[in-house]
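1. Have a look at this fold, sequence not included:
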Ligand SMILES: [Zn+2]
């Protein structure tokens, strides 16, 4: 997921998108309208997917403060969710996020995710006075026959 603005989790859920399948969040920059839905996405992807480890949130310098703040903001609620749903659904080990600063190398674009099915690169972009800001490019190789994408398409076709 890239830049979850306010209401992102609710809108995805209303569309039938399996928010539990969100494995990472990528932030281009830290303007509020690009991050004010981060808490909802992290909570829904945690409880909706039974995640066993925190989600990685990639972003420019400052992402560590944003992630620490969101983790702290919903920490009390996370204990209620675990008490209500149990560890199989809301495992405390999977709560929240860890930050990963997207540092650019000497040659851009810089790879930040490089798996068989997903490659994402980052470059610096101008968005003054916001600094730093990032642009991302991606290549996705998805098996559409047996994935969350298939379930999403089926529900929304
Ligand atoms: Zn902006």
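-> Perfect, thanks for sending it. For clarity, every value in this text was computed on a predicted model and none was experimentally measured. Residues are numbered from 1 along each chain as shown.
2. Tell me where the protein is predicted with low confidence.
-> 142-157 (pLDDT under 70).
3. residue boundaries of the helices in it?
-> For the chain, the helices defined by DSSP state H cover 8-14, 32-35, 38-49, 63-73, 75-85, 148-156.
4. Just put these in CSV and tack on mean neighbour count and distance to residue 125.
-> For every residue, glycine as well, the C-beta is placed using N, CA and C. CSV is the format used below for these (neighbours: other Cβ atoms under 10 Å; distance: least, Cβ to Cβ, whole Å):
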stretch, mean neighbour count, distance to residue 125
helix 8-14, 17, 21
helix 32-35, 16, 13
helix 38-49, 22, 20
helix 63-73, 16, 16
helix 75-85, 13, 33
helix 148-156, 13, 28
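5. what bridges to the residue nearest in space to the middle of the chain?
-> What sits nearest the mean C-alpha location of the chain, by Cα atoms, centre = their mean, is residue 25, with 2.1 Å. Residue 25 has these beta-bridge partners by DSSP bridges: residue 57.
6. what residues are up against it?
-> 1-2, 4, 38, 41-42, 55-58, 97 (Cβ atoms under 8 Å, 6 or more residues apart in numbering).
7. Okay, the residue of the chain positioned farthest from its centre and residue 59: tell me how far apart.
-> Most distant from the centre of the chain: residue 106, at 26.1 Å, with distances by Cα atoms, centre = their mean. Distance of residue 106 to residue 59, computed by Cβ to Cβ, to the nearest Å: 20 Å.
8. Also residue 40?
-> Using Cβ to Cβ, residue 40 is found at 17 Å from residue 59.
9. try residue 134
-> 7 Å.
10. overlap in contacts of these two?
-> 27-29, 102.
11. right, so of the helices of the chain, which gets closest to residue 21?
-> Across the helices of the chain, residue 21 has its closest neighbour in helix 148-156 (3.9 Å, Cβ to Cβ).
12. Just give the closest residue to residue 70, not the sequence neighbours.
-> Closest residue to residue 70 apart from its sequence neighbours, by Cβ to Cβ, 6 or more residues apart in numbering: residue 39 at 5.0 Å.
13. Residue 71 is in contact with the one you found, correct?
-> No: with contact defined as Cβ atoms under 8 Å, residue 39 does not count as touching residue 71 (9.2 Å).
14. related to what we said a few turns ago, which pair in the shared contacts of residue 134 and residue 59 spans the largest distance?
-> Pairwise across those, and taking Cβ to Cβ, the largest span is found between 29 and 102, at 10.6 Å.
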